[in-house]
Every structure is written in structure tokens, then in C-alpha cells.
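Make a model of this:
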Amino acid sequence: MKLNLFFLTLFISFWGFSQSKKDNKEINFLKKQRDSLELAIDEIKESIVIQRDSLRKIINELTKKKDEGTKKKKTSDDFLGDYILIGSNKWASTNFGGAKLNPSNDNTDDWLSENGYERCTSENEWIDMISSEKPAYFVLEEPLFCVGYFFNSFALKKLQENPPKGWRIADFNDFIELYNYTTNLKLKTTSPFQLLVSNYSLTTNLEAKKKLTWTNQTINDIYNLSLYPVSYFSGFVSLLSFNTSLNLFSRYDEVNNKIYYTEVSPNNKLLPSERRFGSEAYDYGFLVRLIKN
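Residues are numbered from 1 along each chain as shown. Predicted structure coming up:
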């Protein structure tokens with residue numbers, strides 16, 4: 001009896017030891033699983049942090065580039081301008097500096113300022129720029145600012161040599177081509193430039209309407225070109241002629257020291273013509289129309 005009790009006690013002890021060893025093994029396995037899982041979680045967290053920091057860096061770089069682009073000064077490379085395709089030429093929708101169809105996209109003033117053109121709003125400023133031989137342009141007061149800027153001879157020469165990138169100055173031949181293209185529309189009751197010259201396309205102001213209208217002419221301006229009947233600027237606002245022939249700079253002849261301009265008259269033919277100006281032209285300002293290359 002005692003012997004049986006001894007073996008029973010020994011069996012129970014052995015079974016308990018084996019069970020304890022088995023439990024410890026399972027516990028150690030679970031601990032290893034836990035440690036492996038915690039290590040994997042730590043690696044995932046570290047990867048997330050790295051990805052987050054990388055994204056933040058990319059966002060900061062993009063934001064910086066955007067800010068630099070916004071603050072970047074306007075140059076000839078990013079000059080903006082609306083244009084109208086007529087025939088084979090892409091005509092600027094207004095004279096250089098004139099009222100724009102999309103004023104929020106217009107950076108004419110920025111381009112002129114960055115490229116060394118002086119802005120004049122008074123007759124004294126204009127005379128000073130002529131005397132000091134500085135490239136300058138004259139800005140009319142509202143509502144007549146819509147006709148565009150008048151450029152002095154020094155500015156015209158500079159514009160001819162270095163126009164905004166991707167643009168050129170429309171010359172006499174371009175206006176002849178424009179005239180011929182419109183003539184081919186064969187509208188018997190309307191002369192070609194009655195379809196092109198504008199009275200007041202971009203303004204409803206009565207004062208502008210009164211000044212910028214050819215007498216006894218019906219103007220349709222089918223292309224919204226806004227070619228206003230305004231003469232060259234003689235240096236005095238009081239002498240500036242409206243309701244007259246349209247004059248636009250054509251080219252500067254440095255060899256002969258002459259300024260050429262295209263004149264569009266309100267007669268029956270409305271044919272543009274090219275004329276020369278002598279030394280007195282250096283005190284005058286001319287409108288400029290650009291064509292996109």
C-alpha cells in the first residue's frame with residue numbers, strides 16, 4: 001500500500017513537472033510572438049514616420065516653388081496677351097496697353113516696368129522723358145485709357161529691337177494683309193475697315209463713345225479688334241485728336257532716322273497708308289499693335 005502511494009506521488013510530481021515545463025514553453029513561445037509583433041509594430045511606426053516626413057518635405061518644396069513662382073518678376077518669357085486669329089496672323093486683341101478682354105490676366109504694366117520703360121501720366125513727365133532720351137509711354141486718363149499706351153521714339157526703337165518674346169510689331173504690310181483679307185469677305189454695303197475699326201468696343205462710357213466714333217460711319221468691329229480712331233500723341237492731351245484717322249507705329253528706320261506709321265482713314269476706301277515723319281516725330285507718341293508669332 002505504501003509502495004503504491006509512493007509511485008502515485010512520484011507520477012503526480014513527474015506529470016506536474018512535465019506540465020509546468022510545457023506551460024513554460026508555451027509562455028516562452030507566446031513571449032517571442034509578442035516580441036516579434038511589437039518589433040513589427042515599431043518598424044511599421046518608423047516607416048510611417050519616414051513616409052510622413054518625406055511627404056512633408058515634398059509638400060514644403062512644392063509650396064516653396066509655388067511661392068517663388070508667384071513672387072517671380074514678370075519677364076519677356078511670361079508676357080501675357082489675348083489674341084485673335086484673322087487670316088494667317090494672330091492679332092493682339094487691343095493696342096499695346098489698351099483695355100483687355102481678360103484684365104486679370106494682363107501683365108503689360110509689369111512687363112514694361114521690368115524692361116525699363118517709364119510710365120507718364122502728365123505732359124511734364126512726357127517732356128522730361130523726351131529731354132532725357134528715356135523709353136517712355138503715356139497713359140490717358142479714364143475712360144480713354146482703353147485706346148492703349150502712346151510710346152515715344154526711344155521706346156519704339158527699343159520695342160522694335162526687343163519686343164515681348166513670342167510677339168512682333170504689326171507693320172504696314174500686316175495691315176495691308178488685314179485689309180485684303182477683309183475685302184475678300186465681299187460685303188458690298190460695308191467697307192473692309194468698317195468691319196475692323198472699333199468705335200468703343202470695350203467701353204459704354206458716353207464720353208468715350210462720343211470721342212471714339214467716326215462721323216457718319218457704321219462700325220461693326222466683327223473681330224473685336226478695338227482699333228480706335230485716334231491720332232498720334234503730340235505731347236499735349238488737349239491737342240490729341242479723336243474722331244480722326246487711326247495712326248499706329250509701323251517701324252523705325254535707324255539708317256534714315258525716320259519713324260514710319262500706318263494711317264487708317266475714315267474715307268470711302270479706308271485703305272491704310274504709310275507715311276514718314278522727320279525730326280519732329282521724336283516728340284510724338286504712337287500706338288502699337290502686336291502680332292503673336
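
Which residue ranges of the stretch 51-200 of the chain form strands?
Assigned by DSSP state E, counting those that start in this stretch, the strands in the stretch 51-200 of the chain fall at 83-86, 89-92, 118-120, 136-138, 150-151, 167-169.

Contacts for the fifth one, please.
Strand 150-151 is touched from outside by 96, 117, 135-138, 140, 159, 232-233, 249, 285-288, with contacts defined as CB atoms under 8 Å, 6 or more residues apart in numbering. In this view, the C-beta of every residue, glycine as well, is placed from N, C-alpha and C.

Tell me how far Phe29 lies from Lys186.
98 Å (CB to CB, to the nearest Å).

The two: which is more packed in?
When neighbours are counted by other CB atoms under 10 Å, Phe29 comes out ahead of the other of Phe29 and Lys186, with 10 against 7.

Make a PyMOL selection of whichever of the contacts of strand 150-151 turn out to be buried.
Only the buried entries of those go into this PyMOL selection, using 16 or more other CB atoms under 10 Å:
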select buried, resi 96+117+135+136+137+138+140+159+232+233+249+285+286+287+288
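
So which of the contacts of strand 150-151 are in helices?
Leu159 (DSSP state H).

for the stretch 151-293 of the chain, what are the low-confidence residue spans?
188-189, 198-204, 267-271 (pLDDT under 70).

And the helices in it?
153-161, 172-183, 206-211 (DSSP state H, counting those that start in this stretch).

Give me the distance from the longest one to the chain's centre.
Here helix 172-183 is found 27 Å from its chain centre; the criterion is CA atoms, centre = their mean, to the nearest Å.

What residues of that helix count as buried?
172, 174-175, 178-179, 182.

Show the end-to-end separation of stretch 148-166, please.
20 Å (CA to CA, to the nearest Å).

hang on, I meant stretch 89-108
So stretch 89-108: terminal residues 21 Å apart, CA to CA.

residues making contact with that stretch?
With CB under 8 Å, 6+ apart, stretch 89-108 has contacts from 74, 78-85, 109, 112, 137, 139, 145-149, 151, 167, 170, 174, 177-178, 202-203, 223-228, 248, 287-292.

so for that stretch, what's the average pLDDT?
The average pLDDT within stretch 89-108 is 79.

Quick check: buried residues in that stretch?
Going by 16+ other CB under 10 Å, stretch 89-108 has these buried residues: 89-100, 106-108.

Next: stretch 253-271.
Buried, per 16+ other CB under 10 Å, within stretch 253-271: 259-266, 270-271.

Name the nearest of those residues relative to Phe193.
Within these, proximity to Phe193 (CB to CB) peaks at Leu270, which comes in at 3.8 Å.

Give me the domain ranges for the chain.
Per the record, the chain has its domains at 1-72, 76-292, by automatic domain parsing.

Check those domains for me and report the most buried one.
domain 76-292 (a mean of 18; mean count of other CB atoms under 10 Å).

how near is the spatially most central residue of the chain to Ser113?
In the chain, the residue lying closest to the centroid (CA atoms, centre = their mean) is Leu80, at 2.8 Å. Distance of Leu80 to Ser113, computed by CB to CB: 14 Å.

How about Phe286?
In terms of CB to CB, Phe286 sits 20 Å off from Ser113.

repeat for Ala92
Ala92 is 19 Å from Ser113, by CB to CB.

got it, and Asn180?
Following CB to CB, the distance that separates Asn180 from Ser113 is 37 Å.

still on that earlier bit, distance to Val255 added to the helices of the stretch 151-293 of the chain, as a markdown table?
Shown next, in a markdown table, are the helices of the stretch 151-293 of the chain (distance: least, CB to CB, whole Å):
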| stretch | distance to Val255 |
| --- | --- |
| helix 153-161 | 13 |
| helix 172-183 | 17 |
| helix 206-211 | 37 |
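
Specify the stretch among the ones you listed that is closest to Gln194.
Using CB to CB, the nearest of the helices of the stretch 151-293 of the chain to Gln194 is helix 172-183, at 9.1 Å.

So which elements touch that closest one?
strand 89-92, strand 246-253, strand 258-264 (3 or more CB pairs under 8 Å, 6 or more residues apart in numbering; DSSP states H and E).

Run the chain-centre distance for the longest one.
Per CA atoms, centre = their mean, the displacement of strand 246-253 from the mean C-alpha position of its chain is 25 Å.
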